[in-house]
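Asker: Could you work out the structure for the sequence below:
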Amino acid sequence: MEFKIDKFENHTLIKVLEEKLDTHIAPTLKSELVLVSGNGEKNIVLDLDNCRYCDSSGLSAILVANRLCKNANGTFVLTGLNDAVERLITISQLDTVLNIANSLEEAVTLIKEAG
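Answerer: Take a look at the predicted model:
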């Protein structure tokens, strides 16, 4: 299993269970995100705690999640970033676009404050 999806009262948590968010995983993640969003969820937390590597297709999946939440007037929060993934996001200048939390608790707080 590549993901663990938990539905909570005001958000859905998607935890990536793989070490690499790359071309093998990203298309499936995008499909899951579209399904979650299509089911009416507007707030999504993506937990990358297990991820040690992310490539451009992984970044694309992250941006899809962000766009789906924005289009639904919701909030997308990324959490659990390791140094390599965080560096990639910073180099791509996506740290200015994405909500990034240092912990799941902080992610949930960001969603509560936004909503």
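Asker: Which residues does the helix with the most length in the chain contact?
Answerer: Counting residues, the longest helix found in the chain (DSSP state H) is helix 56-71. The contact list for helix 56-71 (CB atoms under 8 Å, 6 or more residues apart in numbering) reads 20-23, 25-27, 29-30, 33-34, 37, 42-44, 46, 51, 54, 75-76, 78, 88-89, 92, 94, 97-98. Using the backbone N, CA and C atoms, a C-beta is placed for each residue, glycine as well.
Asker: Could I get the buried residue list for the helix or strand Leu88 falls within?
Answerer: Using DSSP states H and E, Leu88 falls within helix 83-91. Within helix 83-91, the residues that count as buried by 16 or more other CB atoms under 10 Å are Val85, Glu86, Leu88, Ile89.
Asker: What's the separation between Lys20 and Cys54?
Answerer: For Lys20, the distance to Cys54 equals 8 Å [CB to CB, to the nearest Å].
Asker: So which of those two has more stuff around it?
Answerer: Each of Lys20 and Cys54 has its neighbours counted (other CB atoms under 10 Å); Cys54 has more, 26 against 16.
Asker: Now do the contacts for the more buried one.
Answerer: The contact partners of Cys54, taken as CB under 8 Å, 6+ apart, are Lys20, Leu21, Asp22, Leu48, Ile62, Ala84, Val85, Leu88, Ile89.
Asker: any idea how far the residue nearest to the third one when sequence neighbours are not counted is from Asn10?
Answerer: Read it as Asp22. Among residues not flanking Asp22 along the chain, Asp55 sits closest, at 4.6 Å (CB to CB, 6 or more residues apart in numbering). From Asp55 across to Asn10, the span is 31 Å (CB to CB).
Asker: same question, Gly115
Answerer: Gly115 sits 6 Å away from Asn10, going by CB to CB.
Asker: Any idea which residue is closest to the centre of this protein?
Answerer: Leu46 (2.9 Å; CA atoms, centre = their mean).
Asker: Each with direction, which strands does the helix or strand hosting that residue pair with?
Answerer: Per DSSP H and E: Leu46 is located in strand 44-47. Next to strand 44-47 in the sheet, as set by DSSP bridges, lie strand 12-16 (parallel), strand 76-79 (parallel).
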